[in-house]
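K.L.:
Build the 3D model from these lines:
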Amino acid sequence: MDKPKLTPVPKEAADENAREFYKEMEVDILARTIWGEARGEGKTGMEAVAMVILNRATVAQARGGYWWGNSVIEVCQKPYQFSCWNKEDPNYRKLISVNDSDVYFATAQRVARRALLGFLKDSTYGATHYHARHASPSWTKGQRPCAVIGRHIFYHLAEG
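P.N.:
Residues are numbered from 1 along each chain as shown. The predicted structure is shown next:
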């Protein structure tokens, strides 16, 4: 049996394929985070969650790195920052198996693409944190909200 002949891929093509793969992964992880955190909040609420993630990535880039991650993917998947990614969260299994046949996930994908292209207006006024209205996390003590959108309260807690 003949060995298969391997043909090298030109470096430029390999780099472009890698960039395209990473972009699609970034869209998917951002969309899943948006869906997991705000699928019941409509497009406006989904956009607000997307902006918090982008704002965190912007702060990290401006500072040369930050504890919550330096890219959209790192920010989304930082343990215990977005509960939908916590493996013990009841929504986690739904999060990893949802697909675009779910109308809310299809919306989250559109929001994610628009966010990454820079087409969203930041209705959170630079928020880097948020919580559901029914919650009272300890980190909000003494903090002033910068926006209330749907069932979420937003805070600007880190300067870029």
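K.L.:
What are the boundaries of the helices in the chain?
P.N.:
For the chain, the helices defined by DSSP state H cover 11-38, 42-63, 72-77, 92-97, 103-116.
K.L.:
now the residue nearest the centre of the chain: how far from residue 71?
P.N.:
Central residue of the chain (Cα atoms, centre = their mean): residue 30, 3.5 Å from the mean position. Per Cβ to Cβ, to the nearest Å, residue 30 is found 10 Å from residue 71. Glycine gets a C-beta too; all of them are placed from N, C-alpha and C.
K.L.:
now residue 104
P.N.:
25 Å.
K.L.:
okay, and for the chain, where does confidence drop off?
P.N.:
1-10, 13, 160 (pLDDT under 70).
K.L.:
can you rerun that using 80?
P.N.:
Along the chain, the parts satisfying pLDDT under 80 run over 1-14, 159-160.
K.L.:
how deep is the nearest residue to residue 89 once chain neighbours are set aside tucked in, by neighbour count?
P.N.:
Using Cβ to Cβ, 6 or more residues apart in numbering and skipping the chain neighbours, the partner closest in space to residue 89 is residue 83 (5.2 Å). Neighbour count for residue 83, taken as other Cβ atoms under 10 Å: 14.
K.L.:
got the contact list for residue 83?
P.N.:
If a contact means Cβ atoms under 8 Å, 6 or more residues apart in numbering, then residue 83 has 36-37, 89, 91 as its contacts.
K.L.:
Selecting buried members of these in PyMOL, what would you type?
P.N.:
This is the PyMOL syntax for the buried subset of those, where burial follows 16 or more other Cβ atoms under 10 Å:
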select buried, resi 36+37+91
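K.L.:
Would you point out the most distant pair within the contacts of residue 83?
P.N.:
Longest distance between any two of those is 10.7 Å, between 37 and 89; criterion Cβ to Cβ.
K.L.:
Excluding covalently adjacent residues, which one is nearest to the residue nearest to the centre of the chain?
P.N.:
residue 112 (4.0 Å).
K.L.:
my read: the one you found touches residue 38, true?
P.N.:
No - judged on Cβ atoms under 8 Å, residue 112 makes no contact with residue 38 at a distance of 11.6 Å.
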